[in-house]
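[1] everything below, folded, please.
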Amino acid sequence: MPERIVCSDAPAAIGPYSQAVRAGNFIFVSGQIPLDPATGQVTGRDAAEQAARVMENITAILRQAGAAWGDVVKTTIYLLDMADFGAVNEVYGRYLADPPPARACVGVSALPRGVRVEIEVAAYLDRRGI
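    Below you'll find the predicted structure:
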């Protein structure tokens with residue numbers, strides 16, 4: 001049975017979805033946009049600042065689930081403008097462990113609340129010795 005992950009250090013879900021769900025050894029983190037966890041307001045003037053907030057939100061959710069960036073196996077990045085790829089990629093790369101996860105990056109026509117970036121991740125927890 002899937003287990004809902006709830007993290008008070010990340011923005012609450014703004015729709016009918018969970019921040020993250022654990023299914024067996026997998027953790028699926030819903031797409032995160034640059035919302036301040038305390039206010040629920042969009043933060044960041046540009047794509048790099050927004051990406052940093054998104055990555056911090058994901059970090060908090062992973063931590064709540066007992067995971068870290070080293071457990072992430074797949075990410076998907078959604079960009080409002082592919083011209084932001086380099087700036088977002090630079091911020092994103094600061095958080096990753098080696099080897100980096102598989103990734104897709106997709107240009108989209110719109111994102112919630114008019115933000116420039118949204119990122120979702122899937123992590124795998126190897127619990128064989130625990």
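
[2] can I assume residue 70 sits in a helix?
    Yes. Counting by DSSP: H, G, I helix; E, B strand; the rest coil, residue 70 is found in a helix.

[3] that one: neighbour count?
    Neighbours of residue 70 under the rule other Cβ atoms under 10 Å: 12. (Glycine included, C-beta is placed from N, CA and C.)

[4] just the pLDDT for it.
    At residue 70, the model reports a pLDDT of 96.

[5] that one contacts residue 97, doesn't it?
    Yes. With contact defined as Cβ atoms under 8 Å, residue 70 counts as touching residue 97 (3.6 Å).

[6] overlap in contacts of these two?
    By Cβ atoms under 8 Å, 6 or more residues apart in numbering, residue 70 and residue 97 have no common neighbours.

[7] would you mark the buried spots in the top helix by length along the chain?
    Longest helix of the chain, by residue count under DSSP state H: helix 47-64. Buried residues in helix 47-64, counted by 16 or more other Cβ atoms under 10 Å: 47-62, 64.

[8] by contact count, what packs against it?
    Packed against helix 47-64, as judged by 3 or more Cβ pairs under 8 Å, 6 or more residues apart in numbering; DSSP states H and E, are the following elements: strand 20-23, strand 26-32, helix 85-93, strand 117-124.
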